[in-house]
Every structure is written in structure tokens, then in C-alpha cells.
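**Student:** Quick one, fold the following:
(chains A and B)
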Amino acid sequence: SQQGEEDPQALSIQEGENATMNCSYKTSINNLQWYRQNSGRGLVHLILIRSNEREKHSGRLRVTLDTSKKSSSLLITASRAADTASYFCATDARGSYIPTFGRGTSLIVHP
Amino acid sequence: EAGVAQSPRYKIIEKRQSVAFWCNPISGHATLYWYQQILGQGPKLLIQFQNNGVVDDSQLPKDRFSAERLKGVDSTLKIQPAKLEDSAVYLCASSSGDHEPQHFGDGTRLSIL
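**Tutor:** As a prediction, this is how the structure comes out:
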């Protein structure tokens, strides 16, 4: 079974709008990571947030982590057409070295 | 720095044939991962190496899949014999250690006829 599950499965917005994706997981984690995957390419690491952190920023990206709710969110502000991609969360369960990816959110940003 | 290199980019074979994929990780990265990504899903870990030792291969179908990482650098993943359900993208990734960001190659897209 998959540890992390992204929501929504698909998101379509206009350029300049903000995009928010959520990730829920089942067991306690060491850290949670967000990745982006463009069509036909490998995954690109965006942000790693550790279990003792609540929020991290990187450029137009903002990630929050709520360990009490076992959930995380990725916010992309002022979206661009180039942000069109699939976004995955990956969790590292405590006591495990196995990184587990969700099914991803497919984001389309219309110019 | 050079990224993770994978070859070939595409491979088409018939079922019951064998196939091999190659991965060259980022220089100095001790941890290497092989993932299977079926269309519309997230990557599923097949095997994880730490240098040339296996950390986890619990999700590797060992009756048909094998992987090795000789000398703790390059790695190969083999499927023999292939089944229709093996059609997927096979991704290789490397990282500087456990629980660290992974760097992915662009994958090998395998089609089984």
C-alpha cells in the first residue's frame, strides 16, 4: 500500500494563480519530500521537510507539515506555464529506509 | 555536476525475452535506487543499494528481476523473462545517504509486446 497519497489527482489553473496540493500519509515519518516530474523525464527534488519542521520555503514554493494530521501541503505561488508537471510526495517512515511515493497530482497551468 | 545517466532510453521487446538496464549515479553518491513507474502511478521502489550492498529488495520480483552494483558505482537491472505487466518506466536514482534528496535519471521506457 502507498504511504503518501496526493490530493487532488488533477489540478488545472490559469497562469498567475496559486496551486495547492496536499499529501496525506499513514505512519510516523522521518521526513517528507516533494518532487516534480515533467512528461517523459525523471523526478526532480523540490523540498525536503523533516518531521520536527512545520514550514519551509524555496522561491515560489511553500511546504507545510502537520504531523498531528499526518499531512503536508505544497503551495506554488504565481504559477507559470512551465510549472505544468506531476507533483509527488515521498515519505520516509520511521524505522524504514524505504522511500514511498504517492500517485501524484497532475498540474496544468494555462498561459 | 553530471546527473544520473541511464541507458537505453527506450526498449521494446517481446514477452519472455530478457532485457537489461544500466545506471551511472552521481559521482560520490553511496545510495542507489531502482524504481518501477507504471503509467499514471508514482515510482515504486524495487531495490536500494548502499555502496555495493543491498539495503532493501523486498519489492523486487526475484523470480524474474535481478540487480547488481559492482564496485559500488554503476548498476544494472535485468528482467528475465519479461511479462506484459513489466511495461513501465524504470528509473534510477542516487543520493548521498539515506533520508537525503534523490537525484533521478530520465529513465528507460520499456514496452513489452
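**Student:** in terms of contact, does residue A:32 touch residue A:90 like I think?
**Tutor:** Yes. When contacts are counted by C-beta atoms under 8 Å, residue A:32 is listed as touching residue A:90 (7.1 Å). C-beta: built from backbone N, CA, C; applies to glycine.
**Student:** Would you map the helices across chain A?
**Tutor:** Counting by DSSP state H, chain A has no helices at all.
**Student:** So which bits of it are right by chain B?
**Tutor:** For chain A, the residues in contact with chain B (C-beta under 8 Å from any C-beta of the partner chain) are A:2, A:30-31, A:33, A:35, A:40-45, A:48, A:88, A:92, A:97-104.
**Student:** need the next SSE after the strand or helix carrying residue B:22, C-terminal direction.
**Tutor:** Residue B:22 belongs to strand B:19-24 when assigned by DSSP states H and E. Toward the C-terminus, strand B:19-24 is succeeded by strand B:31-37 as the next helix or strand (DSSP H and E).
**Student:** Output that following strand as PDB, nothing but the C-alphas.
**Tutor:** C-alpha atoms of strand B:31-37 as PDB (Å, rounded to 0.1, in the frame of the first residue of the first chain):
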ATOM      1  CA  THR B  31      23.000   5.100  -2.200                       C
ATOM      2  CA  LEU B  32      21.400   3.900  -5.500                       C
ATOM      3  CA  TYR B  33      17.800   3.100  -6.100                       C
ATOM      4  CA  TRP B  34      15.800   1.400  -8.900                       C
ATOM      5  CA  TYR B  35      12.200   2.200  -9.300                       C
ATOM      6  CA  GLN B  36       9.400   1.000 -11.500                       C
ATOM      7  CA  GLN B  37       6.900   3.600 -12.600                       C
END
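**Student:** anything in the next helix or strand after that strand near chain A?
**Tutor:** Where DSSP H and E defines the elements, the next helix or strand beyond strand B:31-37 is strand B:44-50. Yes. Using C-beta under 8 Å from any C-beta, strand B:44-50 reaches chain A at B:44, B:45, B:48.
**Student:** hang on, the first one packs against residue A:99?
**Tutor:** The one in question is residue B:44. No. If you go by C-beta under 8 Å, residue B:44 and residue A:99 don't touch, sitting 10.4 Å apart.
**Student:** neighbour count winner among the two?
**Tutor:** Between residue B:44 and residue A:99, residue A:99 has the larger neighbour count (other C-beta atoms under 10 Å in any protein chain shown), namely 23 against 16.
**Student:** Distance from the chain centre to the helix-or-strand element of chain B with minimal mean pLDDT, please.
**Tutor:** None of the helices or strands of chain B scores lower by mean pLDDT, DSSP states H and E than strand B:53-56, at a mean of 91. Its chain's C-alpha centre and that of strand B:53-56 lie 13 Å apart, by C-alpha atoms, centre = their mean, to the nearest Å.
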